[in-house]
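[1] Need a 3D model of the following:
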Amino acid sequence: MNTLRDLCTAVGGQLLAGDASCDAARLVGTVAIDSRRVERDDVFWALKGPNHDGADFVAEAFHRGAAGAVASREVRVPAGRWAVRVDDTHDALYAWARHKRCHFTGILIAVTGSVGKTTTRQMIHTVLQTRLHGTASPQNYNNHVGVPLSMLAIEPQHDYAVLELGASRPGEIAALAELCAPKVGVITHIGDAHLSGFGGQRGIADAKAELLAALPPDGRAVLGDDPWLRLVAEKCDAPIAWVGCDDRSDVRAIDVHSGQGQLRFRVVTRRPGDSLAVGRADCRGSDREFAVPVWGRHHLTSALVAVAIGRMMGFDLDEMADALERFQSVPMRCEVREIRGATIINDTYNASPGAMQATLRLMRDFDPPGRRIVVLGDMAELGERAVALHWQLGKRVVTIGQGELLIACGRFARHVVAGARAAGLPRARAIPCDRVEQALPYLGQAIQPGDVVLVKGSRMMAMERVVEALDNYPRRRGA
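    This is a model prediction of the structure:
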């Protein structure tokens, strides 16, 4: 466990004690960056942003029970509590994360990609935690603040840690990889998210490949069978395990079937796994049927990555299949539930053209007695291609998703609607709304028992409000 003395040394800070009873040997608790979520004995890290200074909320954090705080200026410290003053709270957060990393001897696994990062991270954790002791990034902690916060949960006794790395422009993955120093790097797919920051899919591939360049020669890479990843694989000095349906894949899926909330496939391993085993020899080439409780074929790469890493860590296919049978999906990612007799597909966490297409395929696989209804919000960060990609999305609502009613929300809603109408959707069934709130009354009246409703959009659109509104919408009275 780390002490207050360790913290001051690692971040180069000045200790401010509330009274003489403050002992430098005191253990340092969990770090929180939101004063409203501070719990007893936490450390409030007062980050300074463009619109606020966390130091303004130190008093509130102490009131909620924080044991201490880290701030970039002197703050009032109650008796029995402490604070550490540093020059820059962001730099100090990185320094504390590096300190934690230096004392960790387990396997650090970093996951990136245009789609599927969070589900992949969670599937890896689901497999490994059945026998090993480790941690994984909470929620979507994958940026310049989230990654160091995730690292603070790593303890010296952990066997592994699974971190998610995200980026919106070149150089960000390299910086995060330099911070967390992964032994295993995972890239799921190269898609068309954040085009405005990368300029195209080749730029995205090069940026994601920054993770490959950061791996040590004795590390490992696990890559989805993506043509863009084949192009940038030469940047990796570590051995690569490919996963997918291609017969060149080292961990290959055959006999793939998706439906009724279950993804079934058979895993065939082409060669023995490159061992990073903890306490057991790695499993050898074999095959095994898997059944994962998720909606949609697009989760296949995530499951295969988990299998590939499990093999490296000494798991056999039987125990990995058993683990993934108990997998619990991440909230707001292809969650399927019933509201007022209609089937709601809540995939509202985020959206990109590729992710939209995958979810439309999922909706097409439903065979509802009613209609297929699609409620979409804008896709963010598409740059100069935003209009064309939203028009294409509207067309795909009809040609791929077989949508029969479209409600599009946001700045690009009219372009989505135009694409759907060009694909043959009648004008009265393709409705644009400037704001999500405008769609709610219409949608509440339109949905009937037996319909299947897909709700999806970028995080900035907060499309989960649609699902919440449907859940709370007054039920129709019987005759």
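
[2] Okay, strands next: where are they in the stretch 201-350 of the chain?
    With strands called from DSSP state E, counting those that start in this stretch, the stretch 201-350 of the chain shows them at 220-224, 240-244, 251-259, 262-269, 287-292, 335-339, 342-347.

[3] For Asp53, find the nearest of those.
    strand 342-347 (36.1 Å; Cβ to Cβ). Where C-beta positions appear, they are placed from N, C-alpha and C, glycine not excepted.

[4] Take the strands of the stretch 201-350 of the chain and lay them out in JSON lines including distance to Gly29, mean neighbour count and mean pLDDT.
    Shown next, in JSON lines, are those (distance: least, Cβ to Cβ, whole Å; neighbours: other Cβ atoms under 10 Å; pLDDT from 0 to 100):
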{"stretch": "strand 220-224", "distance to Gly29": "34", "mean neighbour count": "27", "mean pLDDT": "98"}
{"stretch": "strand 240-244", "distance to Gly29": "38", "mean neighbour count": "22", "mean pLDDT": "97"}
{"stretch": "strand 251-259", "distance to Gly29": "40", "mean neighbour count": "17", "mean pLDDT": "95"}
{"stretch": "strand 262-269", "distance to Gly29": "40", "mean neighbour count": "19", "mean pLDDT": "95"}
{"stretch": "strand 287-292", "distance to Gly29": "36", "mean neighbour count": "16", "mean pLDDT": "94"}
{"stretch": "strand 335-339", "distance to Gly29": "33", "mean neighbour count": "14", "mean pLDDT": "93"}
{"stretch": "strand 342-347", "distance to Gly29": "35", "mean neighbour count": "22", "mean pLDDT": "95"}
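
[5] Including distance to Leu16, could those strands go into a markdown table?
    Putting the strands of the stretch 201-350 of the chain into a markdown table (distance: least, Cβ to Cβ, whole Å) gives the following:
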| stretch | distance to Leu16 |
| --- | --- |
| strand 220-224 | 44 |
| strand 240-244 | 50 |
| strand 251-259 | 53 |
| strand 262-269 | 54 |
| strand 287-292 | 51 |
| strand 335-339 | 46 |
| strand 342-347 | 46 |
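
[6] Count the residues that sit near Pro331.
    Neighbour count of Pro331, defined by other Cβ atoms under 10 Å: 12.

[7] ok, now which ones touch the closest residue in space to it that isn't next to it in sequence?
    Take Pro331 and drop its neighbours on the chain: the residue closest to it by Cβ to Cβ, 6 or more residues apart in numbering is Tyr349, 7.8 Å away. Neighbouring residues of Tyr349 by Cβ atoms under 8 Å, 6 or more residues apart in numbering: Thr118, Asn140, Val330, Pro331, Met332, Arg333, Arg459.

[8] Please repeat the previous calculation with a cut-off of 7 Å.
    Tyr349 sits next to Met332, Arg333, Arg459 when contact means Cβ atoms under 7 Å, 6 or more residues apart in numbering.

[9] same thing with Ile109?
    Ile124, Tyr160, Ala161, Val162, Pro182, Val184, Val186, Ile309 are the contacts of Ile109 under Cβ under 7 Å, 6+ apart.

[10] which residues pair with the second one across the strands?
    With beta bridges defined as DSSP bridges, Tyr160 has these partners: Ile107, Gly134.

[11] measure it to Ala233 for me?
    24 Å (Cβ to Cβ, to the nearest Å).

[12] With neighbour numbers in mind, choose between the two.
    With neighbours defined as other Cβ under 10 Å, Tyr160 and Ala233 compare such that Tyr160 has more, 25 against 16.

[13] how close does that one get to Ala214?
    Between Tyr160 and Ala214 the distance, using Cβ to Cβ, works out to 18 Å.

[14] for this structure, what are the low-confidence residue spans?
    193-194, 271-275, 277-285, 474-479 (pLDDT under 70).

[15] Contacts only, for the residue nearest to the spatial centre of it.
    For the chain, Thr118 is the residue whose C-alpha lies nearest the centre (Cα atoms, centre = their mean; 2.8 Å). Counting by Cβ under 7 Å, 6+ apart, Thr118 touches Asn140, Glu164, Val330, Arg333.

[16] Now tabulate these in a markdown table and tack on neighbour count and distance to Pro441.
    Below are these laid out as a markdown table (neighbours: other Cβ atoms under 10 Å; distance: Cβ to Cβ, whole Å):
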| residue | neighbour count | distance to Pro441 |
| --- | --- | --- |
| Asn140 | 16 | 31 |
| Glu164 | 27 | 37 |
| Val330 | 17 | 30 |
| Arg333 | 21 | 27 |
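
[17] Now tabulate the residues you listed in CSV and tack on distance to Thr399.
    Listed next are these as CSV, based on distance: Cβ to Cβ, whole Å:
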residue, distance to Thr399
Asn140, 31
Glu164, 33
Val330, 28
Arg333, 24
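
[18] Against which helices or strands is the helix or strand hosting Ala97 packed?
    Assigned by DSSP states H and E, Ala97 falls within helix 89-102. Packed against helix 89-102 by the contact rule (3 or more Cβ pairs under 7 Å, 6 or more residues apart in numbering; DSSP states H and E) you find helix 4-11, strand 68-71, helix 146-151, helix 172-180.

[19] and Leu163, that's in a helix?
    No - according to DSSP: H, G, I helix; E, B strand; the rest coil, Leu163 belongs to no helix; its state is strand.

[20] ok, it touching Ser150?
    Yes - between Leu163 and Ser150 there is a contact under Cβ atoms under 7 Å: 5.3 Å.

[21] list the residues that contact both of the two?
    With Cβ under 7 Å, 6+ apart as the test, Leu163 and Ser150 both reach Ser137.

[22] How far does stretch 151-161 sit from its chain's centre?
    19 Å (Cα atoms, centre = their mean, to the nearest Å).

[23] mind listing what's buried in that stretch?
    Within stretch 151-161, the residues that qualify as buried by neighbour count (16 or more other Cβ atoms under 10 Å) are Met151, Leu152, Ala153, Ile154, Glu155, His158, Asp159, Tyr160, Ala161.

[24] who has more neighbours, Leu163 and Ser150?
    Leu163 (27 against 24).

[25] Tell me how far that one lies from Pro216.
    16 Å.

[26] same deal with Val251?
    Applying Cβ to Cβ to Val251 and Pro216 gives a distance of 22 Å.

[27] again with Ser249
    24 Å.

[28] who's more crowded, those two?
    Neighbour count, other Cβ under 10 Å: between Ser249 and Pro216, Ser249 has more, with 20 against 11.

[29] so Phe62 sits right up against Trp82, yeah?
    No - in this structure Phe62 lies outside contact range of Trp82 using Cβ under 7 Å: 10.2 Å.

[30] neighbour count winner among those two?
    Trp82 (26 against 22).

[31] Could you pull up the residues touching the more buried one?
    Here Trp82 is in contact with Leu4, Leu15, Leu16, Ala17, Gly18, Cys22, Gly68 (criterion: Cβ under 7 Å, 6+ apart).

[32] wouldn't the first one be in contact with Gly29 here?
    No - taking contacts as Cβ under 7 Å, Leu4 lies outside contact range of Gly29: 10.3 Å.

[33] For the stretch 201-350 of the chain, which segments count as helices?
    201-208, 210-214, 227-232, 300-312, 317-324 (DSSP state H, counting those that start in this stretch).

[34] okay, those helices in a markdown table with distance to Arg414 and mean neighbour count next?
    As requested, those are exported to a markdown table (distance: least, Cβ to Cβ, whole Å; neighbours: other Cβ atoms under 10 Å):
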| stretch | distance to Arg414 | mean neighbour count |
| --- | --- | --- |
| helix 201-208 | 26 | 20 |
| helix 210-214 | 37 | 22 |
| helix 227-232 | 32 | 17 |
| helix 300-312 | 34 | 28 |
| helix 317-324 | 42 | 19 |
